[in-house]
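>>> heads up, no residue letters with this:
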Ligand SMILES: [Cu+2]
């Protein structure tokens, strides 16, 4: 795995873990359903971003290497098979720049768009 992607993935997954703990607490505290739903949607979006980083890493490493050594076709079949269960990964209607951005740019976005007002992460 490319070190900067690994670092980005670990950071995002740990943030998601804290966010999820916050949502569990909201349910435990019987918070207003639409408020919980908003946080669940934010978590889904965060997980989709994690998957996109994994996809980018896979394309830049495993797939590139497979194509270089003449085994690209099988690698692409395998990838397409895994994408069947990841419809959000190939749906860029609401996120057209998903695969084109640099990692540092994505980090900045994490802090701005994934904050949970009213729920403290412990
Ligand atoms: Cu890979």
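Everything's here; your move. The model shown is predicted, which means the values in this text are computed figures rather than measured ones.

>>> Rank the helices and strands of this structure by mean pLDDT and give me the bottom one.
The helix or strand of the chain with the lowest confidence, counting by mean pLDDT, DSSP states H and E, is helix 103-113 at a mean of 46.

>>> surely residue 19 meets residue 45?
No: the criterion here is Cβ atoms under 8 Å, and residue 19 misses it with residue 45 at 10.7 Å. From N, CA and C alone the C-beta is placed, and that goes for glycine too.

>>> Which one's more surrounded, the two?
Higher neighbour count among residue 19 and residue 45: residue 19, with 20 against 14, using other Cβ atoms under 10 Å.

>>> Excluding chain neighbours, what is closest to that one?
Spatially, and ignoring its direct neighbours in sequence, residue 19 is nearest to residue 43 (5.8 Å; Cβ to Cβ, 6 or more residues apart in numbering).

>>> Would you mind measuring from the one you found to residue 30?
Look at residue 43 and residue 30: by Cβ to Cβ, to the nearest Å, they are 19 Å apart.

>>> Who has more neighbours out of the two?
Neighbours per residue (other Cβ under 10 Å) separate residue 43 from residue 30, with residue 43 holding more: 17 against 8.

>>> what residues are up against the more buried one?
Residue 43 makes contacts with 16, 19, 20, 23, as judged by Cβ atoms under 8 Å, 6 or more residues apart in numbering.

>>> host element of the first one?
With elements delineated by DSSP states H and E, residue 16 resides in helix 3-28, which encompasses its position.

>>> Output the set of residues of the chain in proximity to the ion.
Counting by Cβ under 5 Å from the ion, the residues of the chain close to the ion are 58, 62.

>>> Run through the chain and note the low-pLDDT ranges.
92-122 (pLDDT under 70).

>>> switch the cut-off to 90
83-122 (pLDDT under 90).

>>> which parts of stretch 58-74 are buried?
Under the neighbour-count criterion of 16 or more other Cβ atoms under 10 Å, stretch 58-74 has 58, 63, 66 buried.
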